[in-house]
Each structure stands twice: as structure tokens, then as C-alpha cells.
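**Q** one predicted model, sequence on top.
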Amino acid sequence: MAEGIDLFEAIDTQRAIRYFRPDPVPDELITRLLQAAIKGPSGGIRQGWGFIVIRDPEIRRKIGDLYRTGSTFEIRPDMTAQERRVYTAAQHLEDHMDEVPVLILACIQAVPGATVSGGSIFPAVQNILLAARGLGLGSALTTRQTRFEAEIKSMLDIPEDVMTAALLPVGFPADGSRYGPTRRRPLEEVAFSDRWGRGWQDDTSA
Ligand SMILES: Cc1cc2nc3c(=O)[nH]c(=O)nc-3n(C[C@H](O)[C@H](O)[C@H](O)COP(=O)(O)O)c2cc1C
């Protein structure tokens, strides 16, 4: 199995990969991703999750057909270059979803009355993304499978009380598709000290 990389290197460079090589992904790597997923936290440690590893070409073709018939991303002239790149890549992914070697559909049992069932599945999803980065695989968090929720649930025998949370394409990054560093709003803008708006102060840098 591929050696992992440093945790913080993985966090700093994990980025959405949407272009993949067609090469198959060894099962042992997929197992490692799933093992990472189930280490995630869940409300009341309910673990009402389910992860469907989709490799069957026929099922992938049907899913690809759903994406091809769905709405496309709108790329508007007022978008920044970064937004345009993201939407172009996201559209490419949706147009080629069936060519991605592995799709992992992360699902969660909907708990009546629970505020956000998503809170109990997205930590597991993030673990998959980080583990993929660590193993030299690419992936991206996508959620637009919800447009075809009923069709996908019926196609994959997903129980009534379980909802799909994210569809993760998994494969080796295509040539020219690189990991981060990712670009984000600076810490000073989004992290506060004691009160909203009071920029985070790191005592060690004073
Ligand atoms: C809730 C959520 C939904 C997302 N849905 C999609 C999606 O449907 N398709 C897609 O390509 N990326 C999707 N993304 C990925 C974001 O576009 C991505 O995290 C963002 O562009 C940052 O990319 P980077 O990590 O490569 O910098 C989603 C991310 C989140 C958190």
C-alpha cells in the first residue's frame, strides 16, 4: 500500500480533483478510504451512514446519463477567473462522471427531528478526501446527485429513510491535475478572538 503523507501536508494540499486517469483503483486503497471514513464522528455516535462503492460500468453509465440530462452549470461573464475554472471543471466532471473509475456515494440515515443529519456524514466525507490525498488519489466533494435522489435511491436499493449526502469521484489525478496548495480567504478575515469581528491574535506572534 502507498505510504501516507504528513497530516498537515494533506490538509494544506487537499483540493478538488475533477479530471482523472482511467486506471483502476486497487481495492485495498478504497478499503483504506472507507476505514478513514468510519473513524469520523457522528451525532450520538449513531453511525447511521452507508458508503456505496460504485465500480460497475453499467451502473456508472446510468449515473452518467442522469448527470448528462440534468441542468448544467451556468458560467456567467461576471464570474472571477477562479470561479470560471471551478465551474468549468465541475461541468467536465459531470459530463464524464461515468468515466471516473470509482464513485463513492456517502449516505446517511435521516433522523427525524435531528437538526442537521449532514453533520453526521460530512466529517466522514472529509476523512475520505484527506485519505485520498494521502494515498495519491484524487477526489472532490460533490452534492448535485440530490437532483436525482429518487432515481439513484431506486437504482441502488437505498432504503426510504436514508438520504444521499455526497457523491465522491475517486481515481488517480489526470496528468496536469495537481493537488494544492489551496487558496482560501485569509485567517485574519474569518477567525476572531473572543468576539465576532475582533481579528484572531496569536499570542506567540506578538
Ligand atoms: C457542500 C459542498 C458541495 C459541493 N458540491 C460540488 C459539486 O456538486 N460539484 C463539484 O465539482 N464540486 C463541489 N464542491 C466542491 C467545491 O467546489 C470545492 O470545495 C471548492 O471549489 C474548493 O475547491 P478546492 O478545494 O480545490 O480549492 C462542493 C463542496 C461543498 C463543501
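**A** Perfect, thanks for sending it.

**Q** which element follows the strand or helix carrying Thr164 toward the C-terminus?
**A** With the criterion set as DSSP states H and E, the secondary-structure element containing Thr164 is strand 162-171. Where DSSP H and E defines the elements, the next helix or strand beyond strand 162-171 is helix 187-190.

**Q** just the pLDDT for the residue nearest to the spatial centre of the chain.
**A** For the chain, the residue nearest the mean C-alpha position is Leu141 (2.0 Å; Cα atoms, centre = their mean). Reading off the per-residue confidence, Leu141 sits at a pLDDT of 98.

**Q** excluding chain neighbours, what is closest to it?
**A** Spatial nearest neighbour of Leu141, chain neighbours left out: Ala166 (5.5 Å); criterion: Cβ to Cβ, 6 or more residues apart in numbering. For the C-beta atoms, the positions are set from N, CA and C on the backbone; glycine is no exception.

**Q** residue contacts, that neighbour?
**A** For Ala166, the contacting residues are Leu105, Ala106, Ile121, Phe122, Val125, Leu141, Thr142, Thr143, Gln145, by Cβ atoms under 8 Å, 6 or more residues apart in numbering.

**Q** who wins for most neighbours among those residues?
**A** Ile121 (25 neighbours; other Cβ atoms under 10 Å).

**Q** ok, and which of the contacts of Ala166 reach the ligand?
**A** Cross-checking the contacts of Ala166 against the ligand (Cβ under 6 Å from any ligand atom) gives Leu141, Thr142, Thr143 as the overlapping residues.

**Q** any residues of the chain in contact with the ligand? List them.
**A** When proximity is defined as Cβ under 6 Å from any ligand atom, the chain approaches the ligand at Arg15, Ala16, Arg18, Val86, Ala90, Leu93, Ala140, Leu141, Thr142, Thr143, Arg144, Thr182.

**Q** as a markdown table, these with secondary structure would be great.
**A** Listed next are the residues of the chain next to the ligand as a markdown table, based on DSSP: H, G, I helix; E, B strand; the rest coil:
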| residue | secondary structure |
| --- | --- |
| Arg15 | coil |
| Ala16 | strand |
| Arg18 | coil |
| Val86 | helix |
| Ala90 | helix |
| Leu93 | helix |
| Ala140 | coil |
| Leu141 | coil |
| Thr142 | strand |
| Thr143 | coil |
| Arg144 | helix |
| Thr182 | coil |
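
**Q** give the PyMOL command for selecting the buried subset of these.
**A** A single PyMOL command is used to select the members of the residues of the chain next to the ligand judged buried by 16 or more other Cβ atoms under 10 Å:
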select buried, resi 15+16+18+86+90+93+140+141+142+144
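
**Q** correct me if wrong: Ala124 contacts Ser42.
**A** Yes - applying Cβ atoms under 8 Å, one finds Ala124 in contact with Ser42, separated by 7.5 Å.
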